[in-house]
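Engineer: need a structure here:
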Amino acid sequence: PLLRAYLKRWKAEVGVFFDGVSSDSPEEDVRRIAPDHPVFRIQPSA
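Structural biologist: Sure thing, here's the model as predicted:
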């Protein structure tokens, strides 16, 4: 979900780095590229 949200928000700036996969691509395409694009959610500490 995070990678898809990132692609939706920043597609124009970073789309070239994602092998033609966009936020509208099928789930299997997003999963295929996911290992090459680590994503981290930053949350405030408690």
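Engineer: check what pLDDT the residue of the chain most remote from its centre gets.
Structural biologist: Here the centre of the chain is the reference, and by CA atoms, centre = their mean the most remote residue is Ala46, at 26.8 Å. On pLDDT, Ala46 comes in at 79.
Engineer: what does Gly20 give?
Structural biologist: 92.
Engineer: burial count for it?
Structural biologist: For Gly20, the tally of surrounding residues (other CB atoms under 10 Å) stands at 9. Glycine gets a C-beta too; all of them are placed from N, C-alpha and C.
Engineer: ok, it to Ile33 distance?
Structural biologist: Relative to Ile33, Gly20 is positioned 9 Å away (CB to CB, to the nearest Å).
Engineer: for stretch 31-40, which positions count as buried?
Structural biologist: Neighbour-count burial for stretch 31-40, with 16 or more other CB atoms under 10 Å as criterion, is recorded at 33, 37.
Engineer: next: stretch 8-26.
Structural biologist: Across stretch 8-26, burial judged by 16+ other CB under 10 Å covers 18, 21, 23, 25.
Engineer: among those, which are in strands?
Structural biologist: Counting by DSSP state E, none of the members of the buried residues of stretch 8-26 fall within strands.
Engineer: what is the host helix or strand of Arg4 packed up against?
Structural biologist: When elements are assigned from DSSP states H and E, Arg4 belongs to helix 2-14. Here helix 2-14 touches helix 27-33, going by 3 or more CB pairs under 8 Å, 6 or more residues apart in numbering; DSSP states H and E.
Engineer: which strands and helices sit next to the helix it packs on?
Structural biologist: For helix 27-33, the elements it packs on are helix 2-14, judged by 3+ CB pairs under 8 Å, 6+ apart.
Engineer: in CSV, list the C-alpha atoms belonging to the helix it packs on.
Structural biologist: Backbone C-alpha positions of helix 2-14 (Å, rounded to 0.1, in the frame of the first residue of the first chain) are rendered in CSV as follows:
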residue,chain,number,x,y,z
LEU,A,2,2.8,2.5,0.7
LEU,A,3,4.6,2.0,-2.6
ARG,A,4,1.3,2.5,-4.5
ALA,A,5,0.5,5.6,-2.5
TYR,A,6,4.0,7.0,-3.2
LEU,A,7,3.6,6.3,-6.9
LYS,A,8,0.2,8.0,-6.9
ARG,A,9,1.6,11.1,-5.2
TRP,A,10,5.0,11.5,-6.9
LYS,A,11,4.5,9.7,-10.3
ALA,A,12,5.6,12.7,-12.4
GLU,A,13,8.8,13.1,-10.5
VAL,A,14,9.9,9.5,-9.9
